[in-house]
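>>> Mind folding the following:
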Amino acid sequence: MTIKRTAPRSAEITLQAEELEAWGILSQPLSLNSIGGRRLLHDMLALLAQTCGLRRDGNYTLIRCRPLRQGGCRLSAEFTRLPSARLYRFDRADDLLDAVNAMTHLRHFDYFTTNGATIHPYGNKFFMYIPQTLPLSPHEKAVLSEFAAASGDGEE
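Numbering: from 1, shown residues only. I've put the predicted structure just below:
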């Protein structure tokens, strides 16, 4: 296992296939629905807190997992303060597509670009992470909130 700080609020953890096996993770893709996957995530967040001082306290944590060709995986973790990013959760793919379609029409058929925004599927849900650097009008924020789940995600 290697842990590398990549930026003030980001780090990467590289795990070999044998190390994943120790957490009971034997198949791709890595799933947090399994006991081993949840334990791995918990342990990785604890390691990042101990080794890099990166903690979830008051932060969104965006974690990406990329498989390695020789087995194993690389976990990238980005800790973002709540005011600097917007996170929207969509319970269905149709809700996400309807939101993007509505945003496109708001811009007078000038396509809403997701450049800078990232969309992550998780189980049967979808998360859209929009950094503060991507400008959104109050109306666009309202459209996103209309189609996003009503759990408060996406609020600034």
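>>> going forward, measure contacts between C-alpha atoms and count neighbours the same way
Noted.
>>> so what's the most centrally placed residue in the chain closest to, chain neighbours aside?
Nearest residue to the geometric centre of the chain (CA atoms, centre = their mean): Leu62, 3.7 Å. Spatially, and ignoring its direct neighbours in sequence, Leu62 is nearest to Glu78 (5.2 Å; CA to CA, 6 or more residues apart in numbering).
>>> Flag every buried residue along stretch 13-29.
Ile13, Thr14, Leu15, Gln16, Ala17, Leu20, Ile25 (16 or more other CA atoms under 10 Å).
>>> Distance of the first one relative to Gly72?
The reference is to Ile13. 11 Å (CA to CA, to the nearest Å).
>>> same deal with the third one?
To Gly72, Leu15 is 5 Å away according to CA to CA.
>>> Please apply the same query to the last one.
Here Ile25 is placed at a distance of 10 Å from Gly72 (CA to CA).
>>> Work out the gap between the strand or helix carrying Ala49 and the centre of the chain.
Ala49 is part of helix 35-52 when elements are defined by DSSP states H and E. Centre-to-centre, helix 35-52 and its host chain are 16 Å apart (CA atoms, centre = their mean, to the nearest Å).
>>> I'd like the next helix or strand past that helix.
That would be, after helix 35-52 and using DSSP H and E, strand 59-67.
>>> now for that following strand, which elements pack on it?
The elements that strand 59-67 packs onto, with contact taken as 3 or more CA pairs under 8 Å, 6 or more residues apart in numbering; DSSP states H and E, are strand 73-81.
>>> If I look at the residue nearest to Glu18 when sequence neighbours are not counted, what pLDDT would I see?
Using CA to CA, 6+ apart and skipping the chain neighbours, the partner closest in space to Glu18 is Gly72 (7.5 Å). Gly72 is assigned a pLDDT of 85 by the prediction.
>>> neighbours of Gly72, just the number please.
The tally of other residues near Gly72 (other CA atoms under 10 Å) stands at 21.
>>> Name all residues that make contact with it.
Thr14, Leu15, Gln16, Ala17, Glu18, Glu19, Leu20 (CA atoms under 8 Å, 6 or more residues apart in numbering).
>>> again, only using 6 Å
Leu15, Gln16, Ala17 (CA atoms under 6 Å, 6 or more residues apart in numbering).
>>> Also Ala99?
Leu144, Phe147.
>>> swap the cut-off to 10 Å and go again
For Ala99, the contact set (CA atoms under 10 Å, 6 or more residues apart in numbering) comprises Phe90, Ala93, His105, Glu140, Val143, Leu144, Ser145, Glu146, Phe147, Ala148.
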